[in-house]
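Chemist: give me the fold of what follows.
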Amino acid sequence: YDRAIDIYKRVLAMPYEKAEVYTSLAQAYSGKGEEDKALEYILEARKKWPGDFNVLIAEINHYLQTGNTDAAKNTLSLAAEQDPDNPSLHFAIGANYNEMYNDSLRTPTEKQEAYIESVKAYKRAIELQPDYFDALYNLGALIFNEGIRIFVEADKQLSKDMDFKKYGLAETKFKEIWKEAQPYLEQALALIDESDSNYYFAVASLREMYARTNQPEKLEEINKLWEKIKKD
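Modeler: Have a look, this model is predicted:
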């Protein structure tokens, strides 16, 4: 990395003003773990070439790698405006909001807003690319986990006030949410086989889904796959 940095800086001094030299410098600094220095060169490139899509992607990747979800959110929106029909971009937007939804430091309101935006972005990615496994699986898992959140909260509340009517309303809600997640998880599983590293997670998710929603026939079928995984 040090040698690469030295060469890139010599190239810039020639002078040779190209956006890819700046982004390559940023990658080298990132490789050394000097993320602040990496961002310095990315932002300098953004000033010089504000409309360069590759520089914008370099900035996005930096924020995603360093966990700066708020900065990534804004930059991803700019990229989506430039390339609105790119399913990978919408997936990245969904994944970034997904991270915000899972962030325990955020308020319940912020988490719910992130949930809504994440669902929207994943759905857009799937609309553009119907066989997008990662978007299908992430969307199904996200919705399912939202149902789990409501279930856990309802269970805690029931232990406090023993209000079974209130719990019944919550139960209807979280079961509806689980059913909403089901087709996305099923479509995701249909796209892969046991040779795929994601197969285990897709089967495990559906197994829990069918158990929680009382679907014995589907549970029996998925358990056959589950047993096969365990044997292998």
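Chemist: all contacts plus neighbour counts: C-alpha atoms, from now on.
Modeler: OK.
Chemist: how near is the residue in the chain sticking out farthest from the centre to residue 7?
Modeler: Outermost residue of the chain with respect to the C-alpha centroid, by CA atoms, centre = their mean, is residue 14; its distance is 41.3 Å. Per CA to CA, to the nearest Å, residue 14 is found 11 Å from residue 7.
Chemist: do the same with residue 213
Modeler: 60 Å.
Chemist: what helices and strands are in contact with the helix or strand where residue 149 lies?
Modeler: Assigned by DSSP states H and E, residue 149 belongs to helix 133-161. Using 3 or more CA pairs under 8 Å, 6 or more residues apart in numbering; DSSP states H and E, the elements in contact with helix 133-161 are helix 87-102, helix 108-128, helix 164-190, helix 199-212.
Chemist: could those helices go into TSV alongside mean neighbour count?
Modeler: Listed next are those as TSV, based on neighbours: other CA atoms under 10 Å:
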stretch	mean neighbour count
helix 87-102	23
helix 108-128	19
helix 164-190	17
helix 199-212	18
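Chemist: may I see those helices arranged in CSV, with mean pLDDT as well?
Modeler: Compiled in CSV, the helices and strands packed on helix 133-161 are given as follows (pLDDT from 0 to 100):
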stretch, mean pLDDT
helix 87-102, 96
helix 108-128, 97
helix 164-190, 90
helix 199-212, 94
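Chemist: need those in CSV (columns: distance to residue 34).
Modeler: Putting the helices and strands packed on helix 133-161 into CSV (distance: least, CA to CA, whole Å) gives the following:
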stretch, distance to residue 34
helix 87-102, 23
helix 108-128, 29
helix 164-190, 38
helix 199-212, 34
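Chemist: out of these, which is closest to residue 45?
Modeler: helix 87-102 (20.8 Å; CA to CA).
Chemist: what helices and strands are in contact with that closest one?
Modeler: Using 3+ CA pairs under 8 Å, 6+ apart, helix 87-102 sits against helix 69-82, helix 108-128, helix 133-161.
Chemist: if we go to 10 Å?
Modeler: helix 53-66, helix 69-82, helix 108-128, helix 133-161 (3 or more CA pairs under 10 Å, 6 or more residues apart in numbering; DSSP states H and E).
Chemist: thought residue 5 was touching residue 37?
Modeler: No. In this structure residue 5 lies outside contact range of residue 37 using CA atoms under 10 Å: 11.3 Å.
Chemist: which neighbours do those two share?
Modeler: 25, 26, 27, 28, 29 (CA atoms under 10 Å, 6 or more residues apart in numbering).
Chemist: ok, and for the helix or strand harbouring the first one, which residues are buried?
Modeler: Using DSSP H and E, residue 25 maps to helix 19-31. By 16 or more other CA atoms under 10 Å, the buried positions in helix 19-31 come out as 19, 21, 22, 23, 24, 25, 26, 27, 28, 29, 30.
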